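A.B. asks: next come a sequence and a model predicted from it.
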Amino acid sequence: MVAERQPNQDRHDGEATLGDLLYGNNKAKAPISEQVWVGLVQSIAGGDRLELHALYTQTHRIVFTLIMRIAGNRETAEELTLDVFHDVWQRAPTYDPANGSVVGWIMNQARSRAIDRLRFEQRKKRVNDHAADPLTATAASGPQEAFAAREQGRVLRHALQVLTPEERNSIETAFFSELTYSEVAARLNQPLGTVKARIRSGLGKLRQVLAGALKGL
């Protein structure tokens, strides 16, 4: 385990890594300086996974707590906490100390992840509730309109099945979370052109299926 590594094990004096500094027996000393935090992110940007683990060990509890307060679900908080540090690994080369502290940078990513997931779940619930119980939306219109709404919900669920998992994931991420193409690409860690192509092809399939199926309703 990395946490069990001694600060200067197999190294000469002055050669301890930033991870060693964080893991060392220095709990009684002053808090970690911003300079050390920045150096840690710079090491991560250079591909050092041990330093990513060091950063995770020092900050994952506050990240989890923030996400838990926003999302209100432990399983979601655990999942998003891992996503945040995956984002840190991917975005470390873009970190600029002039834009704020390392911890603030991480917490902003955590807050963004949590809020996006909350919005996604809320919109997904509304869509599913409408498809599952169209009578609530058409109660004042009569049985014929209610039947038509129920059929539309069935057709929509069937139409989604024609999409590939990648197309459906891209479309749901874009529309449920109200993200731009660039934001979807960053969220899914996919090239921008690939995301655009998947959304276009998916929407094209949906139009064809829905156009034919809804004619008879």
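C.D. replies: Sure thing, it's come through. Residues are numbered from 1 along each chain as shown.
A.B. asks: any idea how far the residue nearest to residue 76 when sequence neighbours are not counted is from residue 77?
C.D. replies: Among residues not flanking residue 76 along the chain, residue 117 sits closest, at 6.2 Å (Cβ to Cβ, 6 or more residues apart in numbering). Bear in mind the C-beta positions are built from the backbone N, C-alpha and C, glycine included. In this structure, residue 117 and residue 77 are 10 Å apart, going by Cβ to Cβ, to the nearest Å.
A.B. asks: helices and strands around the host helix or strand of residue 193, which ones?
C.D. replies: In this assignment (DSSP states H and E), residue 193 forms part of helix 192-213. On a contact count with 3 or more Cβ pairs under 8 Å, 6 or more residues apart in numbering; DSSP states H and E, helix 192-213 meets helix 143-160, helix 165-176, helix 181-188.
A.B. asks: buried ones in it?
C.D. replies: 195, 198-199, 201-203, 205-206, 209, 213 (16 or more other Cβ atoms under 10 Å).
A.B. asks: do the same with stretch 61-74
C.D. replies: Neighbour-count burial for stretch 61-74, with 16+ other Cβ under 10 Å as criterion, is recorded at 63-64, 66-68, 70-71.
A.B. asks: what do you get for stretch 96-115?
C.D. replies: Within stretch 96-115, the residues that count as buried by 16+ other Cβ under 10 Å are 102-103, 105-107, 109-111, 113-114.
A.B. asks: domain parsing for the protein?
C.D. replies: 1-114, 133-217 (automatic domain parsing).
A.B. asks: can you tell me which of those domains the model trusts least?
C.D. replies: With a mean of 69, domain 133-217 has the lowest mean pLDDT of the domains of the chain.
A.B. asks: would you mind finding the longest helix in the protein?
C.D. replies: Ordering each helix of the chain by length in residues (DSSP state H) puts helix 102-132 first.
A.B. asks: could you give the angle of that one to helix 165-176?
C.D. replies: With axes from the mean of the first three to the mean of the last three Cα atoms, to 10 degrees as the basis, helix 102-132 and helix 165-176 are set at 100 degrees to each other.
A.B. asks: packing partners of helix 102-132?
C.D. replies: Short answer (3+ Cβ pairs under 8 Å, 6+ apart): helix 102-132 packs on helix 34-45, helix 49-71, helix 74-91, helix 135-138, helix 143-160, helix 165-176.
A.B. asks: in CSV, list those along with distance to residue 191.
C.D. replies: Shown next, in CSV, are those (distance: least, Cβ to Cβ, whole Å):
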stretch, distance to residue 191
helix 34-45, 20
helix 49-71, 23
helix 74-91, 13
helix 135-138, 39
helix 143-160, 24
helix 165-176, 12
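A.B. asks: nearest to residue 97, out of the ones you listed?
C.D. replies: Among those, helix 34-45 comes nearest to residue 97, with 5.2 Å by Cβ to Cβ.
A.B. asks: pretty sure residue 70 contacts residue 119?
C.D. replies: No. With contact defined as Cβ atoms under 8 Å, residue 70 does not count as touching residue 119 (10.6 Å).
A.B. asks: list the contacts of residue 88.
C.D. replies: Contact partners of residue 88, counting by Cβ atoms under 8 Å, 6 or more residues apart in numbering, are 41, 44, 52, 55, 106, 109.
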